[in-house]
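Participant: Build me a model from this:
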Amino acid sequence: AAGNLTLGPAVDRWGITPVLAFSAILQALGFLLASVAGSIAVVIVVHLLLGLGASAAFAPLISDVSQWFMRRRGIAVAIAASGNYLSGTLWPPIIVWVMADGGWRWAYVMLAVAILVVVLPGSLLLRRRVGDAATLVATQAAATRAAATGLSPRTLQIMLMIAGVGCCVAMSMPQVHIVALCIDRGFGAVAGAEMLSLMLAGGVVSRLTFGALADRMGGLKTLLLGASLQMVALCLFLIDGGLTSLYIVSLVFGLSQGGIVPSYAIIVREYMAPREAGRRVGLVMAATIIGMALGGWLSGWMYDISGSYALAVWNGIGWNVITIAIAMAILLRIGTPRPALA
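Facilitator: As a prediction, this is how the structure comes out:
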């Protein structure tokens, strides 16, 4: 979250290339330091460094990608945002294989080398800055859309951040606790890990699908659709069915929620000035990360006090309603153009 707040404005000022290169070096250094750590305390501190570096590979990156596309912005952002879900399905077996052969320290070294070999050169391939003429056109289009909402940029920003917290508190319950949920229902940790992979794989498909929809519907309607489908999928977790049904529900959840978070970047680009995109997308993405952290903790706490994940699911549904309400409120304001508030 802190990385999104600091690196987002840096992208607005210097462009994505130096920020992403700095991020790659920071992450590689963090992994190398973790590989020689002598205590768990050092590993924890180093992972804070890794979190700061990794933040440039999501919010600032998709913010920059969004500025280079007008007609196919949704699918472009979706492709960029699918990287973390795709890595969540590809990297775990590779890391397990390296750890089995050489231990966890070599796994950290392998990750450091991979970042230096792939991310650092890749950052140099990205285009530097959007031209002034294109920026002016995008700024005028965003101002026209923003005027239709009757909301100031600050108010819209706050509403999107609250929506981001709400959707991700809801999203975190299955993503963070699916393994524990499987153990609680007697299915075992292996089944839970497989369901998590299924969610992430479904998330890739979902992000690409919702990205294409965003090009037709716009970011706000895409957010509303994704949040609504996520709530339906959450309700399915209340059904205490068998192992097969839980696999199906996990896939349905992955297919429903993958497009929610990228839609915020599209909304920012549709309704806010391009020159502020990095900072504003960073703020919203920081809110989503806070929502994931809060939701993961709340779900665990509610399980501890109730002995069941049912209360945690209902909690997620409640937070999800907040996101739906905010998306609907903004959409309902768009109809009669009004001057933005001071």
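Participant: Check which residues of stretch 41-49 are buried.
Facilitator: Within stretch 41-49, the residues scored as buried using 16 or more other Cβ atoms under 10 Å are 43, 46-47, 49. C-beta coordinates here come from the backbone N, C-alpha and C atoms, glycine included.
Participant: Leaving out sequence neighbours, find the closest residue to Val65.
Facilitator: Once flanking residues are discounted, Val65 sits nearest to Ala80: 4.6 Å by Cβ to Cβ, 6 or more residues apart in numbering.
Participant: One more: Ser172?
Facilitator: Spatially, and ignoring its direct neighbours in sequence, Ser172 is nearest to Gly295 (3.3 Å; Cβ to Cβ, 6+ apart).
Participant: hmm, which helix or strand of the chain has the shakiest average pLDDT?
Facilitator: Taking mean pLDDT, DSSP states H and E as the measure, the helices and strands of the chain show their lowest mean at helix 132-149, namely a mean of 63.
Participant: so what's Gly102 up against?
Facilitator: Residues in contact with Gly102 (Cβ atoms under 8 Å, 6 or more residues apart in numbering): none are found.
Participant: Need phi/psi at it.
Facilitator: phi -130, psi 0 (degrees, to the nearest 10).
Participant: I'd like the next helix or strand past the top helix by length along the chain.
Facilitator: Longest helix in the chain, counting residues (DSSP state H): helix 153-184. Tracing the chain past helix 153-184, the next element assigned as helix or strand by DSSP states H and E is helix 189-217.
Participant: Please point out which parts of the helix or strand that that following helix is followed by sit buried.
Facilitator: Heading C-terminal from helix 189-217, the first helix or strand you meet, by DSSP H and E, is helix 219-236. Buried positions in helix 219-236, judged by neighbour count with 16+ other Cβ under 10 Å: 219-220, 222-231, 233-234, 236.
Participant: Tell me how far the most centrally placed residue in the chain lies from Phe22.
Facilitator: When the chain is reduced to its mean C-alpha position, the closest residue under Cα atoms, centre = their mean turns out to be Val261, at 4.9 Å. Between Val261 and Phe22 the computed distance is 23 Å (Cβ to Cβ, to the nearest Å).
Participant: Same check on Pro262?
Facilitator: As for Pro262, its distance to Phe22 is 23 Å (criterion: Cβ to Cβ).
Participant: who's more crowded, these two?
Facilitator: Looking at Pro262 and Phe22 with other Cβ atoms under 10 Å, you find the greater number of neighbours at Pro262, namely 32 against 17.
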